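> can't give you the sequence, but here's the structure:
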């Protein structure tokens with residue numbers, strides 16, 4: 001006599017229960033991973049724009065400006081040379097990441113020597129999580145950048 005092939009109802013129920021438990025544990029971790037990567041991506045885009053502006057100011061020997069779009073860094077930013085021949089736009093990504101300028105900077109102007117016109121500033125990036133989840137981008141008066149992890153409220 002041949003044995004029937006397949007799964008019993010008990011085996012299927014146990015497999016589904018184990019899968020449900022695994023998903024319950026994994027989904028919150030995955031959500032935090034996605035939010036952390038999104039925050040890092042935004043910080044990297046801002047650093048890229050600032051580095052591009054400084055490099056172009058030195059290379060072209062002209063003033064290059066990084067300016068927020070529509071009155072907020074949350075809306076994105078543009079990199080523009082003084083003669084307007086060089087422009088790159090970094091649009092907003094439509095996420096919950098918020099940018100806050102400690103000194104209220106609406107733009108950063110790089111001179112031909114790679115230094116900032118005026119004092120530097122600090123930009124904080126946070127999302128809807130609390131704790132050490134944010135990034136702080138410090139732009140010094142010399143034009144150099146540094147990125148640190150910060151606590152968000």
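Everything's here; your move. Predicted, not measured: the structure shown is a model, and the values here were computed from it.
> pretty sure residue 108 sits in a strand.
Yes - assessed with DSSP: H, G, I helix; E, B strand; the rest coil, residue 108 lies in a strand.
> excluding its backbone neighbours, what's nearest it?
Closest residue to residue 108 apart from its sequence neighbours, by CB to CB, 6 or more residues apart in numbering: residue 66 at 4.6 Å. Yep, even glycine has a C-beta here, placed from its N, CA and C like the rest.
> count of residues packed around that neighbour?
If you count neighbours by other CB atoms under 10 Å, residue 66 ends up with 23.
> check the one 4 residues further on too.
One way to gauge burial is a neighbour count; for residue 70, by other CB under 10 Å, it gives 8.
> just residue 120 next, same as before
Applying the criterion other CB under 10 Å, we find 18 residues in the vicinity of residue 120.
> I'd like the next helix or strand past the helix or strand encompassing residue 16.
In this structure, residue 16 sits in helix 9-60 according to DSSP states H and E. For helix 9-60, the succeeding helix or strand toward the C-terminus, using DSSP H and E, is strand 64-69.
> got the contact list for the residue nearest to residue 108?
Taking CB atoms under 8 Å, 6 or more residues apart in numbering as the contact definition, residue 66 lies against 49, 50, 53, 77, 78, 79, 107, 108, 110.
> in TSV, list those residues along with neighbour count.
Shown next, in TSV, are those (neighbours: other CB atoms under 10 Å):
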residue	neighbour count
49	20
50	22
53	28
77	27
78	17
79	24
107	13
108	25
110	26
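> quick one on the thing from earlier: could you report the pLDDT at the residue nearest to residue 108?
Reading off the per-residue confidence, residue 66 sits at a pLDDT of 95.
> quickly list what it is bridged to.
Note on residue 66: beta-bridge partners by DSSP bridges are residue 79, residue 108.
> residue 122 too?
Listed by DSSP bridges, the beta-bridge partners for residue 122 are residue 138.
> burial measure for it, as a count.
Other residues lying near residue 122 total 17 when counted by other CB under 10 Å.
> repeat that for residue 86.
The burial metric for residue 86, expressed as a neighbour count using other CB under 10 Å, is 17.
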